[in-house]
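Colleague: This is a predicted model, with the sequence first.
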Amino acid sequence: MFCGDDIALIRRDRPTGSHYTPPGGSVETGEDLLEALRRELAEELRLDLDDATVPELCWIQDQMVTRPGPTPPPRKIHMIFRYHITPDVRARLATVEYDDLPGDGSEPGIIEWVNYRRAENLPLFPLIASAISALPAADAPPGNPLLPPVTDQNYAWV
C-alpha cells in the first residue's frame, strides 16, 4: 500500500530481531483473490479497499522453504499487489495489527510507514524489497513480475 512515496509495512519484534511484512495473508477456501485482499486489508489495517486505487498485480514470488518446529513447510505463491491511498485515508488506518497465535494468544505488529526506496535496507518478507526499492517512482511500471523464488538458500525464518 502506497501513500505518496511511503509504503505500509507490518513490523514484528521478536527476540531474534525485527522483521517486516506487507499487509496481506492467505486466500481462504471459496474466496477469489480480490475478496481475500479486501478481507485481509480490512482485518489488518481497517482499510476499505473502495478507499484505494484499483489493486495492480506487480510481482509474483514462489516460496519453497522449510521452517523450524513441527509445522510442515508451506509451498506458497506470493502475489504482491500495489494500490494507492490518500493521506486522509491513511490517517484513519490501524496503527497496530494483531496476528493470532496457536492457543489464545496474539502477536502485535506495528504498522510502520517507510519510504519505499528504503525497503531494500529492511528485513522484509516475502523477498520483495529490491523490487520495491528499484521503482523509479511510486507509480512506475513494476517491470518483470516474476521475482526469484524464496528458498532455504536465500532465506531463514526469523
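Modeller: On my side now, so go ahead.
Colleague: which residue packs closest to the residue most central in space within the chain, ignoring adjacent ones?
Modeller: Central residue of the chain (CA atoms, centre = their mean): residue 22, 1.8 Å from the mean position. Among residues not flanking residue 22 along the chain, residue 9 sits closest, at 6.1 Å (CB to CB, 6 or more residues apart in numbering). Every C-beta, even on glycine, is put in place using the N, C-alpha and C of the backbone.
Colleague: now residue 57
Modeller: Distance criterion CB to CB, 6+ apart; nearest residue to residue 57, sequence neighbours excluded, is residue 81 at 5.6 Å.
Colleague: Check residue 12 too.
Modeller: Leaving aside its sequence neighbours, residue 12 sits nearest to residue 109 (CB to CB, 6+ apart; 4.9 Å).
Colleague: likewise residue 10?
Modeller: Nearest residue to residue 10 in three dimensions, chain neighbours excluded: residue 109, at 4.0 Å (CB to CB, 6+ apart).
Colleague: Secondary structure element holding the one you found?
Modeller: In the assignment (DSSP states H and E), residue 109 maps to strand 106-115.
Colleague: Paired strands for that strand, with orientation please.
Modeller: Using DSSP bridges, strand 106-115 pairs in its sheet with strand 6-14 (antiparallel), strand 96-100 (antiparallel).
Colleague: No further queries at this time; thank you.
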